[in-house]
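Participant: Any chance you could fold what I've pasted below:
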Amino acid sequence: MRKIILSVILITILVLSVFSIYLFPESTTLGAHIVALKLDTGDTAWMLCATGLVLLMTPGLGFFYGGMVGKKNVISTVLQSFMAMVIVTVLWVVVGFGLCFGPSIGGFIGNPSSNLFFQGVGANTAWELAPTIPFILFALFQAKFAIITPALITGAFAERVRFWAYLLFMVLFIIFVYAPLCHMTWHPDGIFFKMGVLDFAGGTVVHMSAGWAALAGAIFLGKRKVQKANPARITYVLLGTGLLWFGWFGFNAGSAVGSGSLAAQALGTTTVAAAAAAMGWVFLDKILGHKLSAMGACIGAVVGLVAITPASGFVSIPSALAIGFIASIVSNLVVSKFPKGKIDDALDVFACHGVGGMVGMLLTGVFASKSVNAIVGDNQGLIYGDATLFLIQLKAMVLVSIFAFSVSYALFFIVNKITPLRVSEEKEELGLDISQHGEFL
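Facilitator: The predicted model follows:
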């Protein structure tokens, strides 16, 4: 049956691609929020680079996670990230981009009919909020955010998930969780956008959605049957952290959708917060009586990158230091207090990405300044004496948490009804590299 389904999917996409010029003709009029291109070669050059940098984060994440799991699960763990680049890219072109940035349906989701198979996504028009770069470049930049989000979730159910079930969940997650959150937050007609929620590069859309989905997955799949093995390669974790940190410059500074001063500010806050969080994590470890570990330094840096993501284009450099320190302390304490005996979040995805994203969202409401970004307006952060923005951020955080967790848990339930999510205990003992892929280190 699976062979038949896969054959139908491949043939359908192939046929629709070949005959797309007849089935999805280009419109001669500009759609909503699509404007005439005012090309700036500097902005375009930077966004081409930023798009590549964000894509690099996903294999970086593969190494980051792959080094943490046991040796017999490294290939499968890295491949989960790699396949996100494959599956989500195709899904994005076919329907995903339209669901995120198509004409709004009630401020909740986009209508994909205008952008099926990238219909109307060309090089001679532009998105309203990025008028100096080609529309297709904006669409491909956004694709990289969609790619890494389901890959982040994989750390929670590492070493026990069936690969085909994961692929199905990934597709459903993009359609039913990521796309609505992306549309609500970043589309001009989105509910959160109109509320005034500030999320510069993905605190809600990427990290909170992935973190809550990870928690849902860890609860639904249950604990691993096999005793946890030592990390396979700490050097992979270090390499992955370096690639993530490097790629995050595209993630955050690229979200300025131009090469001006805002991109420079976002780049600065990104690297400062990462450094502060790594420092805070290892210092706290030492204070609590633990050794200064490479793993701790790496996790701390990533937590800082997560936390600064929503705030990166809205806060000052000193505020970025504070965000990094606060996020690392909170996440470190959550990791140490997390009920591991009951919930097996294998690589602490919720404590790092979910909690880090929530801390970043709230601290954006504390430190956002109109002197950094005029879009903040008069509703500046709590530290400036106005609670309006903080309460908006808090409301969005609660709504996103409920939505992401509940829908993700439902998707795990549905996928499990279609095809079992967990491998058998025998295959878990053997390791996913052999049992799922027939390969080993």
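Participant: Go through this structure and flag its longest helix.
Facilitator: helix 388-418 (DSSP state H).
Participant: now that one, how far from the centre of its chain.
Facilitator: 14 Å (CA atoms, centre = their mean, to the nearest Å).
Participant: Tell me the helices and strands packed up against the next helix or strand after that helix.
Facilitator: On the C-terminal side of helix 388-418, the nearest following helix or strand under DSSP states H and E is helix 425-430. Contacts defined by 3 or more CB pairs under 8 Å, 6 or more residues apart in numbering; DSSP states H and E place helix 425-430 against helix 432-437. (Each C-beta comes from the backbone N, C-alpha and C, glycine too.)
Participant: Extract the C-alpha trace of the lowest-mean-pLDDT helix or strand in the chain and format it as CSV.
Facilitator: In the chain, the helix or strand scored least confidently by mean pLDDT, DSSP states H and E is helix 20-23, which has a mean of 87. The C-alpha trace of helix 20-23 is given here as CSV (Å, rounded to 0.1, in the frame of the first residue of the first chain):
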residue,chain,number,x,y,z
SER,A,20,1.5,23.9,-14.5
ILE,A,21,1.6,26.6,-17.3
TYR,A,22,-1.9,25.4,-18.3
LEU,A,23,-3.3,24.5,-15.0
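Participant: What residues sit buried inside the helix or strand just after that helix?
Facilitator: Counting by DSSP H and E, the next helix or strand C-terminal to helix 20-23 is strand 34-36. With burial defined by 16 or more other CB atoms under 10 Å, the residues of strand 34-36 counted as buried are residue 34.
Participant: How about residues contacting strand 34-36?
Facilitator: 30, 120, 125-128, 131, 135 (CB atoms under 8 Å, 6 or more residues apart in numbering).
Participant: most neighbours, which of those residues?
Facilitator: Most neighbours among the contacts of strand 34-36, by other CB atoms under 10 Å: residue 126, with 25 neighbours.
Participant: mind putting the contacts of strand 34-36 in TSV, distance to residue 422 included?
Facilitator: Listed next are the contacts of strand 34-36 as TSV, based on distance: CB to CB, whole Å:
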residue	distance to residue 422
30	49
120	42
125	46
126	46
127	41
128	45
131	48
135	42
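Participant: Looking at the residues you listed, which gets the smallest pLDDT?
Facilitator: Lowest pLDDT within those is found at residue 30 (77).
Participant: With adjacent residues omitted, what lies nearest to that one?
Facilitator: residue 125 (6.4 Å; CB to CB, 6 or more residues apart in numbering).
Participant: Bridged to that neighbour, which residues?
Facilitator: As for beta bridges, residue 125 partners with residue 36 under DSSP bridges.
Participant: Under a three-state scheme, what state does the closest residue to residue 384 other than its chain neighbours occupy?
Facilitator: In space, and not counting its chain neighbours, residue 384 is closest to residue 369: 7.0 Å by CB to CB, 6+ apart. Secondary structure state of residue 369, per DSSP: H, G, I helix; E, B strand; the rest coil, is coil.
Participant: So residue 369 sits against residue 381, correct?
Facilitator: Yes - using CB atoms under 8 Å, residue 369 is in contact with residue 381, at 6.5 Å.
Participant: Who has more neighbours out of these two?
Facilitator: Per other CB under 10 Å, whichever of residue 369 and residue 381 has more neighbours is residue 381, with 26 against 15.
Participant: show me what contacts the more buried one?
Facilitator: Taking CB under 8 Å, 6+ apart as the test, what residue 381 contacts is 315, 364-369, 389-390.
Participant: before we move on, what about residue 355?
Facilitator: Neighbours of residue 355 in contact, by CB under 8 Å, 6+ apart: 211, 330-331, 334.
Participant: Model confidence for it, exactly?
Facilitator: The predicted local confidence for residue 355 is 97.
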